[in-house]
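Visitor: Quick one, structure for this:
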Amino acid sequence: MGGPGMGGGGIILMLVFAALMIVPLWRLLPQFRIPSWVSLLAIIPFGVIVLLWVMAFRDKLDGGRS
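Guide: Numbering: from 1, shown residues only. All right, here's what the predicted structure looks like:
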């Protein structure tokens, strides 16, 4: 019957949470000179964490903002 796995409800819930992360990132990333489409990485597990890390350290990676 119901084997291990997320099931239909779990996948939908995961996609809803991904959408809740994609929309704000879509608006924030251009301010950090990163293309908006990169926000689609939020679909991948831990993709949001990587994007937040890049945004947080963007100053240091560019050598400071002018």
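Visitor: residues contacting the most centrally placed residue in the chain?
Guide: What sits nearest the mean C-alpha location of the chain, by CA atoms, centre = their mean, is A42, with 2.7 Å. If you count contacts by CB atoms under 8 Å, 6 or more residues apart in numbering, A42 has them with 18, 21-22, 25, 48, 51. C-beta here means a position set from N, CA and C on the backbone, and glycine is covered the same way.
Visitor: Next, give phi and psi for L20.
Guide: The phi/psi pair for L20 (degrees, to the nearest 10) reads phi -70, psi -20.
Visitor: what about it, distance to D59?
Guide: 26 Å (CB to CB, to the nearest Å).
Visitor: One more: I22?
Guide: Distance from I22 to D59, by CB to CB: 24 Å.
Visitor: L25 too?
Guide: 18 Å.
Visitor: between those two, which one's more packed in?
Guide: Between L25 and D59, L25 has the larger neighbour count (other CB atoms under 10 Å), namely 20 against 11.
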